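>>> Fold the following for me, if possible:
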Amino acid sequence: MDGFHMEVLRRLPLAHATLATFSYALNEPFLDEVFRNSRRRGYDDLLKFPTLVQLVGDALLMHEGYGLPSFRQAAGKGELPVLIGSVYPKLARIETSVSQALLRESSLKMCGLFDHPVSPVPPSLTRLQVITVDGKTIKNVRRQLKSLRALRGKLLGGKLCVAQDLHTGMALAMGVSEDAETNEVRLVPQVLDQVRAMDKLARPKLWMGDRQYCDLNLMQRFTEGCDHFLIRRNKTLGFVADPDRPIRHDVDARGRAFTQQWGWVGGVKDKRRRYVRMITLARPEVKNGEVILLCDLLDPQLYPAADLLELYLLRWGVEKMFQTITEVFSLRQLIGCTPRANIFQAAFCFVIYNAIVVTRSYVARAGKIKPQQVSTAKLFDEVREELIAQSKLGSPLALMAAMEPVETEEQMKHLLSDLLGQRWHEDWRKSPSLPRKTKGRTQYVRSGRTSVFKVLQQHRLSQAALRKAG
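Sure, this is the predicted structure:
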């Protein structure tokens, strides 16, 4: 039987790589330790935490976020020690500290597997670990609970503040609140403490965020130790220019004009007042499109302003990550109805995202392209198809038992290189993004609906009239 399972794994290398990654990063002793060290009042008796992780993982990886098919499949195979209906209350009560630890500890293990030398960070900033911080609200909560059934309107399941490593693109840690209307700025200290505790080398970090993080208190937290910040300025925060340092005018590689200034933010009597460098990029083609950045990297020779502007453009990668976990990894299809269940599912979506990012780095290297040129959605579709195929041909537990045991990071990297080193398809290349150009103002049709045939016919007539007039 082991020979059959090995042949299945040989013919499904993406599924093999994914199962091996999860077996390495989310093995049972590791999950037991995560639960034991991070739980407060929670406990597991019949339904163990590793089993719950396996159930939710199958729902997200193979059932598009629907929990019931995963629970039924496990029950049919005799792998569910409780009734199907007992899984939902267990998921509803899982503590947020456990969800945070699941993402933090698993990302710490998977970061070492990333194997692609190309970094999107400009060369002048590579000595810094660039980390983007942004918030995410969990939406689309179902009205299954009795107290929610009579409500109308959108229901929110929780608020997250997530840190993303810009070099690898992986989610590192998250701060959480069960109240989705919490200001995400309050969650930043949770993220800072977790990320700093993860880095045993204590590398200097550059924290990057949007204008909502432009706060003197946060600047003080960002610069603890040897860290730095690059934040878009909120104009409610005053800036006083240094009269001894004149404004510098320059042009970046894209031909855009920008200025540099040095000065102070905060009031004269404010103890939090600090000396910063302000970079202003004028975008006259965009209404209110001026980009103003504040940073504590004061040396223009060591840290060119053009590089900092290019780096800030990469901040959009965290928004793409949120879109990916929502649309590709099924966060919009929530299994549970409580904030704790939603936060746990979000944490697991980030774990899956990190695993696919690792896989993406190896197939990108095989295709001799940058990881950012590989479509995460297309690659994940292929991974899901292979996982479904292997689940039909054999139990995932039996397949994992048939795999060679991997205990060290180097062994795991060697295995992924063997499986994916020559695995590349042009179908996985990301399609070029084309800007949508909509001419004219939005038009509302009468009665709220219309026939496409009539719209196209009217468009042809109007175009013919324009050609005749011209």
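>>> what is the residue nearest to residue 213 when sequence neighbours are not counted paired to in the beta sheet?
Nearest residue to residue 213, sequence neighbours excluded (C-beta to C-beta, 6 or more residues apart in numbering): residue 231, at 5.4 Å. C-betas here are computed from N, CA, C, even on glycine. Counting by DSSP bridges, residue 231 is bridged to residue 209, residue 294.
>>> And residue 231, how close does it get to residue 7?
Distance from residue 231 to residue 7, counting by C-beta to C-beta, to the nearest Å: 54 Å.
>>> So in the chain, where's the weakest helix or strand by average pLDDT?
helix 396-402 (a mean of 65; mean pLDDT, DSSP states H and E).
>>> Residue 29: neighbouring residues, count only.
8 (other C-beta atoms under 10 Å).
>>> Phi first, then psi, for it.
phi -60, psi -40 (degrees, to the nearest 10).
>>> With the one 4 residues further on instead?
With angles defined as degrees, to the nearest 10, residue 33 sits at phi -70, psi -40.
>>> Of residue 231 and residue 7, give the one with the bigger neighbour count.
More neighbours surround residue 231 than the other of residue 231 and residue 7, with 26 against 12 (other C-beta under 10 Å).
>>> The more buried one touches residue 219, doesn't it?
Yes: shown here, residue 231 and residue 219 form a contact pair, counting by C-beta atoms under 8 Å, at 7.5 Å.
>>> follow-up on the earlier one: list the contacts of the residue nearest to residue 213.
Residue 231 makes contact with 207-211, 213-214, 218-219, 222, 293-295 under the criterion C-beta atoms under 8 Å, 6 or more residues apart in numbering.
>>> One more pass at 6 Å, please.
The contact partners of residue 231, by C-beta atoms under 6 Å, 6 or more residues apart in numbering, come to 209, 213-214, 294.
>>> Not counting the host helix or strand of residue 379 itself, show me its contacts.
Using DSSP states H and E, residue 379 sits within helix 376-393. For helix 376-393, contacts defined as C-beta under 6 Å, 6+ apart pick out 8, 12, 14-15, 18, 61-62, 324, 328, 356, 360, 428.
>>> same thing with stretch 347-362?
17, 21, 56, 99, 102-103, 106-107, 110, 113-116, 169-171, 325, 329, 331, 371, 374, 376, 379-380, 416, 420.
>>> I'd like the list of those residues that fall within helices, please.
Those of the contacts of stretch 347-362 mapping onto helices are 17, 21, 56, 99, 102-103, 106-107, 110, 325, 376, 379-380, 416, 420, per DSSP state H.
>>> Go through those and name the one nearest residue 257.
residue 376 (34.9 Å; C-beta to C-beta).
>>> Give me the local confidence score for that closest one.
Looking at residue 376, its pLDDT reads 92.
>>> Residue 107 contacts residue 173, doesn't it?
No: using C-beta atoms under 6 Å, residue 107 is not in contact with residue 173; the gap is 7.1 Å.
>>> Neighbours of residue 242, how many?
13.
>>> That one against residue 264, yeah?
No: counting by C-beta under 6 Å, residue 242 sits too far from residue 264 to count as a contact (7.4 Å).
>>> so residue 75 is in which element?
helix 67-76.
>>> residue ranges with poor pLDDT in the stretch 151-300 of the chain?
The model of the stretch 151-300 of the chain has pLDDT under 70 over residues 201, 287-288.
>>> Report the central residue of this protein.
Nearest residue to the geometric centre of the chain (C-alpha atoms, centre = their mean): residue 321, 3.6 Å.
>>> So which elements touch the strand or helix carrying residue 188?
Using DSSP H and E, residue 188 sits in helix 188-198. Secondary-structure packing of helix 188-198 (3 or more C-beta pairs under 6 Å, 6 or more residues apart in numbering; DSSP states H and E): strand 158-165, strand 171-177.
>>> I'd like these as CSV, with mean neighbour count and distance to residue 388 appended.
Output for those, formatted as CSV (neighbours: other C-beta atoms under 10 Å; distance: least, C-beta to C-beta, whole Å):
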stretch, mean neighbour count, distance to residue 388
strand 158-165, 25, 29
strand 171-177, 25, 25
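>>> Next, format those strands as JSON lines and append distance to residue 238.
Shown next, in JSON lines, are the helices and strands packed on helix 188-198 (distance: least, C-beta to C-beta, whole Å):
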{"stretch": "strand 158-165", "distance to residue 238": "26"}
{"stretch": "strand 171-177", "distance to residue 238": "28"}
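>>> With only the CA atoms kept, save the host helix or strand of residue 467 in PDB.
Element membership for residue 467 (DSSP H and E) is helix 452-469. What follows is helix 452-469, C-alpha atoms only, in PDB (Å, rounded to 0.1, in the frame of the first residue of the first chain):
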ATOM      1  CA  VAL A 452     -27.800  44.400 -23.000                       C
ATOM      2  CA  PHE A 453     -28.900  44.000 -26.600                       C
ATOM      3  CA  LYS A 454     -30.500  47.500 -26.600                       C
ATOM      4  CA  VAL A 455     -27.500  49.100 -24.900                       C
ATOM      5  CA  LEU A 456     -25.100  47.600 -27.500                       C
ATOM      6  CA  GLN A 457     -27.500  48.600 -30.300                       C
ATOM      7  CA  GLN A 458     -27.700  52.200 -29.000                       C
ATOM      8  CA  HIS A 459     -23.900  52.300 -28.700                       C
ATOM      9  CA  ARG A 460     -23.500  51.200 -32.400                       C
ATOM     10  CA  LEU A 461     -25.900  53.900 -33.500                       C
ATOM     11  CA  SER A 462     -24.100  56.600 -31.500                       C
ATOM     12  CA  GLN A 463     -20.700  55.500 -32.800                       C
ATOM     13  CA  ALA A 464     -22.000  55.600 -36.400                       C
ATOM     14  CA  ALA A 465     -23.400  59.100 -35.900                       C
ATOM     15  CA  LEU A 466     -20.000  60.200 -34.600                       C
ATOM     16  CA  ARG A 467     -18.200  58.800 -37.600                       C
ATOM     17  CA  LYS A 468     -20.700  60.400 -39.900                       C
ATOM     18  CA  ALA A 469     -20.400  63.800 -38.200                       C
END
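>>> Lovely, talk soon.
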